[in-house]
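> I would like the atomic coordinates for the input below:
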Amino acid sequence: MSKKVISLFFIVCIFLAIFWLLFAKPFVHKFKNDTNHSKQLSYFENIAHPIKTEQLYYTDFFGNSSGAGNHCEHLFLEIRSYTAGNEKIIKKYFNSEYPNIRLNFITSIEQCCQTEDKYHAFCDYIGLITNDQPFFTIKNWKNKFPIYTLEYSVNGKHMADKRCY
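Numbering: from 1, shown residues only. Predicted coordinates for the structure are as follows:
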């Protein structure tokens, strides 16, 4: 009788371990990552932007952005237009108020994009977010300069989430 109880206990433990690894842990990690992403999103969305700037593009992403395997990031990107000549003011503001956010100024299409043909350009500064890479046309963007980008990235902690592979 005791061998049967021990065998049954061992089988139940193996079943629970498999269930945890295949179903419960990924679900729990996805929930934790989504909760963390919401917190990071709230931080990024509540940035008080300098006056005379305008949002042109925004995206956020959670997952494996590079495809190199077994890591996750919370990534946020915003592109804003601004009045030329205000770079020092904007840089000083973001360095003092939001030091964790990467700020880049772009004043021409040549600064950020490799021209693939005369109609389209693929912008490198958007390439951080591989699952949502917009394809911008030079025609659409050449009159929007100067712009600045705000990039914010935080490593994900819960690796059982299938988005981390």
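
> tell me the buried residues in the helix or strand hosting I18?
Using DSSP states H and E, I18 maps to helix 2-19. For helix 2-19, the neighbour count (16 or more other C-beta atoms under 10 Å) marks no residue as buried. Backbone N, C-alpha and C define where each C-beta goes, glycine included.

> gap between K25 and N36?
K25 sits 16 Å away from N36, going by C-beta to C-beta, to the nearest Å.

> I misspoke; the intended subject was N100.
15 Å.

> for H29, same thing?
Distance of H29 to N36, computed by C-beta to C-beta: 10 Å.

> what are the ranges of the strands in this protein?
Along the chain, counting by DSSP state E, strands occupy 53-63, 73-82, 102-106, 113-115, 120-123, 136-137, 147-155.

> with only the CA atoms kept, save the longest one in CSV.
This points to strand 53-63. Extracted C-alpha coordinates of strand 53-63, given in CSV (Å, rounded to 0.1, in the frame of the first residue of the first chain):
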residue,chain,number,x,y,z
THR,A,53,5.9,70.8,-29.1
GLU,A,54,3.5,68.4,-30.8
GLN,A,55,3.2,64.6,-30.8
LEU,A,56,3.6,63.2,-34.3
TYR,A,57,4.0,59.5,-33.5
TYR,A,58,3.8,57.2,-30.5
THR,A,59,4.1,53.5,-29.9
ASP,A,60,4.9,51.1,-27.1
PHE,A,61,5.8,47.5,-27.1
PHE,A,62,6.6,44.6,-24.8
GLY,A,63,8.5,41.6,-25.8
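
> list the buried ones in it?
Buried, per 16+ other C-beta under 10 Å, within strand 53-63: 59-63.

> just put these in JSON lines and tack on distance to A48 and pLDDT.
Below are the buried residues of strand 53-63 laid out as JSON lines (distance: C-beta to C-beta, whole Å; pLDDT from 0 to 100):
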{"residue": "T59", "distance to A48": "20", "pLDDT": "81"}
{"residue": "D60", "distance to A48": "18", "pLDDT": "84"}
{"residue": "F61", "distance to A48": "23", "pLDDT": "81"}
{"residue": "F62", "distance to A48": "24", "pLDDT": "82"}
{"residue": "G63", "distance to A48": "28", "pLDDT": "79"}
